[in-house]
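Student: Sequence plus the predicted model coming up.
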Amino acid sequence: MSAAANHLPAGFQLSQHSLSTYQRCKRRFWLRYVQRQPWPMAEGEQPLEYQQHLQRGVIFHRWLERAQLGLPVDLQVNATDDPLLQSWWSAWKSFDYALLPHEVLLSEYPLTIGLGAYRLYARYDLIALQREGRAVIVDWKTLQAVPSLKTLRTRLQTRIYCYMLACAGNILTQGAPVAPERIEMCYWFANEPEATVYIPYSRANLEDDRVLLTELAEEIAGAPEEAFTKTERQEYCITCAYRTLCERAGTSGSPRAAEWLDEDVDFALDLERTPAVDW
Amino acid sequence: MIIASNYTDLIETQRIVVDFPKQGGNGLWVHGLAGSGKTTALVARMLALIKEGVRPDQILVLVSDRSQRETFEQALAHSTWFINGSVTITTFYGLCQRAVALFWPLVSGSAGFKHPELEPTFMNVESTQYHMARILQPLVQENGYFADITIRRERLLSQLIDNLNKSALVGFAPQEIASRLISAWAGSEHRYASYQQAQDCAMRFRAYCLAHSLLDLSLTTQLFVELIYPSRAYKTYLAEHVRHLIADNIEETVPVASDYIAWLQPLCASSVLAEDEGGGYRIFLGADRQAARNLGERCSQELRMDSLPGINPDILTLANRVCSVMHLPQANISAVGDARRAVLGQRSERYWVGMIRWIANEIAHLVEAGCAPGEIAVVAPYVSEVMRFALEEELHERGIGQYLLRPATPLRDDVIVRAGLTLARLAHPTWASSEAVLRTLPVEDLAEMLGVMLANLDPVRARLLAESALPQGNMALTDLSGQVQATAAQAGMLWQRLGFQLRERYEALRTWLADYAGREQQPLDIFLSQIFGELLTLPGYGFYLRADLAHSYSRLVESALKFRLAGSAGAGSGGFSVADDPGAIYTAFVLNGLASAEYIEDRLDEALDAVILAPAFAYLTRGLRSRYQFWCDLRVDGWWNRPNQPLTQPYVLSRAWQTGRIWYDADEDQARREGLGRVLIGLAARCSGGIFLVSSELGINGEEQSGRLERILQNALLYSQNNNPI
């Protein structure tokens, strides 16, 4: 695999978000993840709501991480005047941890593996595994609507998270690899906790995903800059921040904002880990 | 830096670092000059640990700044074939902030926060300055605080904040600031009152933060040091998260970070600490070389890296001769070179501009001879806007780019930021009554904004348009559509001169602003995003397909957003009052010159291949290296003097300072000489090809200059001629 064609540096970090973006719009991938091009337009039509959603997502994940560590969280939780945060929290309290293996429990766990000349990165909300038994990846979703099971099964997040755990799970078990058939992906929905979904993984999935991800990485590595073209599906452009840079400002149709928003919540969580001051 | 897994690339001492036992809790102290290969060895050790099966997330790499983090991340990026997992690479403050956010429930109740139930709001530099200014203003206006001190407001604020930071980073109680400063002061007792006032501001600010759950650097650090890392919960957390410690440039760390490392070492399976001899440039930020050295000396093993793969002995010998002339300790080097060979060119021009031109010519010669511009650095004690512009223009004429590395540039120095704020003022007419600096809009500001926001509008035409468009009475742009009788004739003539295409764009801008002013007001960051997307990025406007210009504008949006979030943290009980408009406050604060927080995008992009222009401090602390360096403005006292800081004192507020001692002129002189010696050795150790010594008799403003550095350098060179080698 050559990384020279488009000048992406060797070791360039890919993620489920950047690859999903690539699948939807190669140009956005190029601008956002390769060029890191700032273009300070709002992603949606309600920028304040959008920001609030981002903040809410960050706080919710922080509460969960604290709870996972056994820290007391009630004081902050009870004091919030945000009804949505409250309802998410009370929904989470009914989440049945007994359904999860609990020999190893890691929250907000970052993992990186090699993918050809590049790296693949994921930050897991929660990994729960038994060294010789099940390994469950839990993702706390704050989406407004619950996607269909088919969408969740084929979603790049499902494929990448499971694939990475199968490839690199040995570092968590201290030796033994995590066989793919032991892996499950659990999507829990803050707005509809009863719609929680467990998606099993398999060796066949692993092989399919290896092929898919390798092909994607090779395609990206071999593409010159001009191959990173704008999406054909212009409904994605309606709420994309780059729409004026791409001269797609006049696009009409049904917006597909939710998916960018999901991406941004995770992005904000990762950015939160960047300190603002040297010291 | 690419560290492959090729073990054979390493020199002997680097292999010792890599092979140092990885179990048993041993600690290794590695020290040597910059360029002796310490960081390379640390990176190789990090990779070796992973290769040998250590969980990457159980390796903690502590670095002194974010740019240094890149070095370690790059190495990981180039080792994809065997790396699974993520190493934690962070600054000490990054570690503190992350821990405080996570362990907040443990400290919010016991630390004295008025509302422990609220989540914390971490402030950046700008927000911290704003809140300090809010506390300071009535004290200055009504109580006559700091009446005896002549200093610009932003510098006053930064020194007040600096005192608090020092207390947290050095590890003394904030209540002791004034007593420490007073006990060391050798001058008139009049200064005591100012120190007491600085103390009062610090305590009021701390109380304000506790009341509103606001966390500045000092409070965040103090919480981590006093409450979090001694807790059992944190220790349990660490047991899962940190097994191996690697710390680079410990001489740049603050005393409490050294304490933390000392506390952490016995909990780890292994630790390796690297110290840059002669470093410790961040003394003004609280770095404590002695604390770091003590830390190193407590390690079970010591290793000096004395081979100098990246160092030119001639240049280092010159720096050593300078130290010798100043009666300072010299860098410990095994190979002595010829100091005269280090200097590739010398020039003293009569005029400052002549000096800049000479530098540009010499750079052009180097580039013609095959040197990449990115391998050349121009280093000065300070870099003014005039210097940036003058050198940039000269280099541009010769087809060479320039990269300015000047962290924490005030936002108002950026023309796009100013233009964005002018737009905001026009969209928010009510701001004019809220802040003094917003009351009038000068025609120059309006012309500048029109020149930026309307495409292809040169400064002369922008000025013409601004003179007609300047708001009369209120803050709305003048209607120049020709449909208003009073201005119709004037407008007709104007557009004949400027072109009728421009009329359409101007009118669209005017009506957009007028419509916005009539709608429900949005926060400033939202306003800036909206007008950017709805107008300024469309054909005919300044940002149309101009990705290059979006960086500055984006920085403004981000800054305004962070400011709003920090300010609204205590809304209702503090922070911004209901009557306050954070946008107006922010705009006034920027226009009054508040310092900028440093943004990741400000970091050097090596791909640019442009000549680096940097103040010496920034150059050294960013760990840059160059083939050629121009040491310029050698007659400027800034090489010698430290900044005037009447309300703080980095040496007195350090851990090494003996309470009760007085800081005499002799101490000041010694500190200056030592500081200069460190800077010159640091620069010399980061230059592989040679240096150029440049000065001008007259300064940038035409004043005679007689800085001592040039004389000392001449003496050192003369000394080399007569006594070669040492």
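Tutor: Received it, and whenever you're ready, just let me know what you need. Just so it is clear, the structure is predicted and the values come from calculations on it, not from any experiment.
Student: Stretch B:254-273 close to chain A?
Tutor: Yes: Stretch B:254-273 lies within reach of chain A by Cβ under 8 Å from any Cβ of the partner chain, at B:V254, B:A257. C-beta here means a position set from N, CA and C on the backbone, and glycine is covered the same way.
Student: Could I get the buried residue list for that stretch?
Tutor: B:254-262, B:264-265, B:268-273 (16 or more other Cβ atoms under 10 Å in any protein chain shown).
Student: ditto for stretch A:64-83
Tutor: By 16+ other Cβ under 10 Å, the buried positions in stretch A:64-83 come out as A:L64, A:E65, A:R66, A:A67, A:Q68, A:L69, A:L71, A:V73, A:Q76, A:V77, A:T80.
Student: Dump those into a markdown table; add pLDDT and secondary structure as well.
Tutor: Shown next, in a markdown table, are these (pLDDT from 0 to 100; DSSP: H, G, I helix; E, B strand; the rest coil):
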| residue | pLDDT | secondary structure |
| --- | --- | --- |
| A:L64 | 95 | helix |
| A:E65 | 94 | helix |
| A:R66 | 96 | helix |
| A:A67 | 95 | helix |
| A:Q68 | 92 | helix |
| A:L69 | 92 | helix |
| A:L71 | 95 | coil |
| A:V73 | 94 | coil |
| A:Q76 | 94 | helix |
| A:V77 | 95 | helix |
| A:T80 | 92 | coil |
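Student: Keep only these that also lie close to chain B.
Tutor: A:E65, A:R66, A:L69, A:L71, A:V73, A:Q76.
Student: Farthest-apart pair in these, please.
Tutor: Farthest apart among those by Cβ to Cβ are A:L69 and A:Q76. That separation is 14.0 Å.
Student: Low-confidence stretches in the chain?
Tutor: You didn't pick a chain, so chain A it is. Within chain A, the segments meeting pLDDT under 70 span A:1-6, A:251-279.
Student: not quite, I wanted chain B
Tutor: Looking at chain B by pLDDT under 70, you get B:1-8, B:80-83, B:307-310, B:334-335, B:407-408, B:569-579, B:595-608, B:720-726.
Student: In it, what residue comes closest to chain A?
Tutor: Nearest residue of chain B to chain A: B:A77, at 2.5 Å (Cβ to the nearest Cβ).
Student: isn't that residue right up against A:T112?
Tutor: No: the pair B:A77 / A:T112 is not scored as a contact, 9.3 Å apart, by Cβ atoms under 8 Å.
Student: neighbours around A:E215, how many?
Tutor: Neighbours of A:E215 under the rule other Cβ atoms under 10 Å in any protein chain shown: 11.
Student: gap between B:V17 and B:Q141?
Tutor: 58 Å (Cβ to Cβ, to the nearest Å).
Student: scratch that, B:L718 is what I was asking about
Tutor: Per Cβ to Cβ, B:L718 is found 56 Å from B:Q141.
Student: which residues do B:A77 and A:T112 both contact?
Tutor: The contact sets of B:A77 and A:T112 overlap at A:Q13, A:R119 (Cβ atoms under 8 Å, 6 or more residues apart in numbering or on different chains).
Student: higher neighbour count, these two?
Tutor: A:T112 (26 against 21).
Student: Grab the CA positions of the helix or strand hosting that one and hand them over as PDB.
Tutor: Assigned by DSSP states H and E, A:T112 belongs to strand A:104-115. Taking C-alpha atoms only, strand A:104-115 is exported to PDB below (Å, rounded to 0.1, in the frame of the first residue of the first chain):
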ATOM      1  CA  VAL A 104     -12.400  -6.300  33.000                       C
ATOM      2  CA  LEU A 105     -14.400  -3.100  32.800                       C
ATOM      3  CA  LEU A 106     -12.900  -0.100  31.000                       C
ATOM      4  CA  SER A 107     -14.700   3.100  30.300                       C
ATOM      5  CA  GLU A 108     -13.700   5.800  27.800                       C
ATOM      6  CA  TYR A 109     -11.000   3.400  26.700                       C
ATOM      7  CA  PRO A 110      -8.800   4.500  23.700                       C
ATOM      8  CA  LEU A 111      -7.500   1.900  21.300                       C
ATOM      9  CA  THR A 112      -5.300   2.300  18.200                       C
ATOM     10  CA  ILE A 113      -4.300  -0.400  15.700                       C
ATOM     11  CA  GLY A 114      -2.400  -0.400  12.500                       C
ATOM     12  CA  LEU A 115      -4.400  -0.400   9.200                       C
END
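Student: Could you check how far it is from the centre of its chain?
Tutor: 12 Å (Cα atoms, centre = their mean, to the nearest Å).
Student: Are the helix or strand just after it and chain B in contact anywhere?
Tutor: Downstream of strand A:104-115, the first helix or strand assigned by DSSP H and E is strand A:118-129. Yes: counting by Cβ under 8 Å from any Cβ, chain B is contacted by strand A:118-129 at A:Y118, A:R119, A:Y121.
Student: Over to the residue of chain A found nearest chain B: give its phi and psi.
Tutor: Of all residues in chain A, A:G11 sits closest to chain B, at 2.5 Å by Cβ to the nearest Cβ. Backbone torsions for A:G11, taken as degrees, to the nearest 10, come to phi 80, psi 10.
Student: returning to what we had before: comparing B:L718 and B:Q141, which residue is more hemmed in?
Tutor: The residue with more neighbours, out of B:L718 and B:Q141, is B:L718; 13 against 9, by other Cβ under 10 Å.
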